[in-house]
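A.B. asks: With the sequence up front, the predicted model follows.
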Amino acid sequence: MIKPEDAAKKPLPTPDADTAVFWKGLREGRLLLQHCLDCRHVQYYQQSLCRSCGSERLEHRAASGRGTVHSFSVVHRAPGPAFKDDTPYAVLLVELEEGPRMVSSFVGGDPEGVTFDMAVELVCEPITDEISLPRFRRVINKSPADH
Ligand SMILES: [Zn+2]
């Protein structure tokens, strides 16, 4: 049974030994990915083994923060009281430039304006002293001459 005071709070991740580096990175504005030194597989979700070959030789490297919207869904009905003020918001499946896909949410614009393959970039949003969450905003082309 969820207590009302807890339902009004958003669930937050709890860093542990495996993920402490990852959360520290986000606090510093960097999204760390695990690169396998044996098979070059890149994974987003922190694990002690490579998901592709089982190697333990994983190295953290900061992602570029650039990606595209692989899939998304605009949420109009909050999943709980804690999210009531956030609706509508867009949940994104972002394909990072490095390959991994991650679920995140869209910030800094109208969620109804999100489209497939839209270019997005990482924004680290501080939630508490310990936790910053990775969000994505639309990349605005600053110079039309690049086209
Ligand atoms: Zn590997």
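C.D. replies: In hand now; what should we look at?
A.B. asks: contacts and neighbour counts: CA atoms only from here.
C.D. replies: Fine.
A.B. asks: burial of residue 50, as a residue count?
C.D. replies: Residues near residue 50, counting by other CA atoms under 10 Å, number 22.
A.B. asks: swap in residue 29?
C.D. replies: 19.
A.B. asks: Where does pLDDT dip in the protein?
C.D. replies: Counting by pLDDT under 70, the chain contains low-confidence ranges at 1-7, 142-147.
A.B. asks: Show me the strands in it, by range?
C.D. replies: With DSSP state E, the ranges of strands along the chain come out as 32-36, 42-43, 58-62, 66-75, 89-96, 101-105, 119-126, 132-138.
A.B. asks: Any chance of CSV for those strands, columns distance to the ion?
C.D. replies: CSV is the format used below for the strands of the chain (distance: least, CA to the ion, whole Å):
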stretch, distance to the ion
strand 32-36, 5
strand 42-43, 8
strand 58-62, 8
strand 66-75, 22
strand 89-96, 18
strand 101-105, 17
strand 119-126, 25
strand 132-138, 25
